[in-house]
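Peer 1: got a sequence here, can you model it:
(one chain, ligands or ions: 2)
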Amino acid sequence: MALSITRVSPLEAREGTDRVIEVVVTGGPLTGQNATTDQNAGTLRIGGGTAILGQDFTPSEFAVGPLEPGQSQTFFVNILDDDIPEDVETLPISLAVTGEGRITSPSSAIVTITDNDPVPPPVSPPGQLLFFRRCMP
Ligand SMILES: [Ca+2]
Ligand SMILES: [Ca+2]
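Peer 2: Ligands and ions are numbered 1, 2, ... in the order given. Below is the predicted model:
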């Protein structure tokens, strides 16, 4: 046993409303002879999905541990509120080992970020009228 991700909140974030994603990593029991808390050390990687570093979120990684067995560490990923209309974006979060580090499941999660910017109406090509109907909620 070793590092695992024990909390990701919210999993479905909304741009502008949710400012941070809380990620909690917990150290597991140490194994083997000469076991040290270095087994509970690693890197928390943020990104690799459609969300863009510096535009949609920051930062890209955190150093984790070394943690005692059962000890938790909390990280906050900032969700940036850009003014760009965009599709729902994905933001993978995963643990990576460093040195003697070990990982146990769950070691990753995928956060989705919902856009809060209105999509502009479609532009009609020159010489054509374009009709579209807006459905009321
Ligand atoms: Ca965005
Ligand atoms: Ca946006």
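
Peer 1: right, and ligand 1 sits closest to which residue of the protein?
Peer 2: Nearest residue of the chain to ligand 1: Asp56, at 4.0 Å (Cβ to the ion). The C-beta positions use only the backbone N, C-alpha and C, and glycine is treated the same way.

Peer 1: state the distance from that residue to ligand 2.
Peer 2: With the distance defined as Cβ to the ion, to the nearest Å, Asp56 ends up 8 Å from ligand 2.

Peer 1: mind listing what that residue touches?
Peer 2: Glu15, Ile79, Leu80, Asp82, Glu89, Leu91, Ile113 (Cβ atoms under 8 Å, 6 or more residues apart in numbering).

Peer 1: recalculate using a threshold of 10 Å.
Peer 2: 15, 47, 49-50, 78-82, 84, 86, 89, 91, 113, 115 (Cβ atoms under 10 Å, 6 or more residues apart in numbering).

Peer 1: now the buried members of those.
Peer 2: Buried members of the contacts of Asp56, counted by 16 or more other Cβ atoms under 10 Å: Glu15, Gly47, Gly49, Ile79, Leu80, Asp82, Glu86, Glu89, Leu91, Ile113, Asp115.

Peer 1: does the last one really touch Glu86, like I thought?
Peer 2: This means Asp115. Yes: assessed by Cβ atoms under 10 Å, Asp115 is found in contact with Glu86 at 4.9 Å.
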